[in-house]
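**Student:** only geometry, no sequence info:
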């Protein structure tokens, strides 16, 4: 039975670190491996799933990508993860490997612990846990953009339970990782890279390889086929939430902003950066309809760093429009963000 279990790679990491980019590259370079993906998002619009579905990879067709948008996967394992796994394991032809992209807020330990459940244990195993970290942010001493503003907001909000929820999520993800992917390495010089790696190393309880990447390009041979069986060692990986029955994400807010057709991508990017800087937005992602363009514009922002590109043509039967998911700490000023984006 052990030999027949399907290996699963859990890809975790903070908001905007580059998890989806890494997985997309894996899909494109997987060769003959038949892959499936479970995508867990924070919010109810499937941005990451749409990015992956647009790859057009023969060995990972659209039907092999399952999206979970009803909450953090580590809080809804029984309700969401098990049915998603059932769906994937029933596919024909059978899949060779499953990639699980957690939300940026997810703690990997509860998910890995679920691999001991009777409904799961005999069918799948954790090949490894891969944590993607934001190289430039870490080099500057942060795990996200504008940490000073986030700390000030946290200090003003007496309802938050954790001393620093952003740091705790980051440290728990690192503590459970079998490999660290240092993303956006092209934006780091040698000194900055050493600073970023040192920031990760201080939270590693054991020897764990750190691999630098640019645009998510990591050889699948490095990421897949570890055969670690992480679930067998998960209790030895100590995190901030050990001993808790569950955890809440009341420290974070998420909402969707719908906008009309935009004129210029650069103008939308400017507004997104302005909203992030003014209102302490951690992450913003979505799609936009550009006037006179047949292509869909993908927008991604981490703090006030904004990128955008046309990812594919709008489908004939697809509802066009501009929808952006905004994620940040509790207390985001939604009306103010909407005003900036709609200005």
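**Tutor:** Here it is on my side, so go on. Predicted model, so just to flag it, every value in this text is computed and none were measured.

**Student:** which residues touch the host helix or strand of residue 182?
**Tutor:** Element membership for residue 182 (DSSP states H and E) is strand 179-183. Strand 179-183 is contacted from outside by 13, 17-18, 21-22, 128-135, 138, 174, 193, 196-197, 200, 204, 208-213, 216, 218, 222-223, 226, using C-beta atoms under 8 Å, 6 or more residues apart in numbering. For glycine as for every other residue, the C-beta is placed from the backbone atoms N, C-alpha and C.

**Student:** buried members of these into PyMOL, please.
**Tutor:** Buried residues within the contacts of strand 179-183, by 16 or more other C-beta atoms under 10 Å, are selected in PyMOL with:
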select buried, resi 13+17+18+21+22+128+129+130+131+132+133+134+135+138+174+193+196+197+200+208+210+212+213+216+218+223+226
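
**Student:** so which residues of the stretch 101-250 of the chain form strands?
**Tutor:** 124-134, 179-183, 209-212 (DSSP state E, counting those that start in this stretch).

**Student:** ok, back up a step: give me the sheet partners of the strand holding residue 182 and which way each runs.
**Tutor:** Using DSSP bridges, the strands paired with strand 179-183 in its sheet are strand 124-134 (parallel), strand 209-212 (parallel).

**Student:** mind checking how far the longest one is from the chain centre?
**Tutor:** This points to strand 124-134. 12 Å (C-alpha atoms, centre = their mean, to the nearest Å).

**Student:** got it, and stretch 332-343?
**Tutor:** On C-alpha atoms, centre = their mean, the centre of stretch 332-343 falls 24 Å from that of its chain.

**Student:** what does that stretch contact?
**Tutor:** 253, 255, 257, 259, 271-272, 274-275, 278-281, 324, 326.

**Student:** make TSV out of those residues and add pLDDT, distance to residue 341 and neighbour count.
**Tutor:** Shown next, in TSV, are the contacts of stretch 332-343 (pLDDT from 0 to 100; distance: C-beta to C-beta, whole Å; neighbours: other C-beta atoms under 10 Å):
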residue	pLDDT	distance to residue 341	neighbour count
253	72	16	19
255	84	12	15
257	91	6	18
259	92	6	17
271	92	5	18
272	91	7	28
274	91	9	16
275	90	6	25
278	86	11	15
279	83	10	18
280	74	15	24
281	81	10	27
324	90	7	25
326	85	9	26
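
**Student:** closest to residue 32 out of the residues you listed?
**Tutor:** Nearest to residue 32 among the contacts of stretch 332-343: residue 324, at 37.5 Å, using C-beta to C-beta.

**Student:** assumed that closest one was part of a helix.
**Tutor:** No: with DSSP: H, G, I helix; E, B strand; the rest coil as the criterion, residue 324 is located in strand rather than a helix.

**Student:** leaving out the residues flanking it, which one is nearest to it?
**Tutor:** Excluding the flanking residues, the one nearest residue 324 by C-beta to C-beta, 6 or more residues apart in numbering is residue 286, at 3.6 Å.

**Student:** tell me which element the one you found falls in.
**Tutor:** Going by DSSP H and E, residue 286 is part of strand 281-289.

**Student:** now do the helix or strand following that strand against strand 281-289, angle only.
**Tutor:** Using DSSP H and E, the helix or strand that directly follows strand 281-289 along the chain is strand 295-302. With axes from the mean of the first three to the mean of the last three C-alpha atoms, to 10 degrees defining the directions, strand 295-302 sits at 180 degrees from strand 281-289.

**Student:** I'd like the average pLDDT over strand 295-302.
**Tutor:** On average, the pLDDT along strand 295-302 is 84.

**Student:** packing partners of it?
**Tutor:** helix 265-279, strand 281-289, strand 305-313 (3 or more C-beta pairs under 8 Å, 6 or more residues apart in numbering; DSSP states H and E).

**Student:** which residues sit against the last one?
**Tutor:** Which is strand 305-313. Against strand 305-313 from outside (C-beta under 8 Å, 6+ apart): 51, 54, 145, 265, 268-269, 272-273, 276, 284, 288, 293-301.

**Student:** could you pick out the buried ones from these?
**Tutor:** When the contacts of strand 305-313 are checked for burial by 16+ other C-beta under 10 Å, the buried set is 51, 145, 265, 268-269, 272-273, 276, 284, 288, 296-301.

**Student:** looking at the residues you listed, which two lie furthest apart in space?
**Tutor:** Within these, 145 and 296 form the most distant pair, 25.5 Å apart (C-beta to C-beta).

**Student:** surely residue 27 is within a strand?
**Tutor:** No: read with three-state DSSP, residue 27 is helix and lies in no strand.

**Student:** what count of nearby residues applies to it?
**Tutor:** Number of residues near residue 27 (other C-beta atoms under 10 Å) recorded here: 21.

**Student:** shaky segments in the stretch 1-150 of the chain?
**Tutor:** Applying pLDDT under 70 to the stretch 1-150 of the chain flags residues 1-3, 15, 41-63, 69-79, 144-150.
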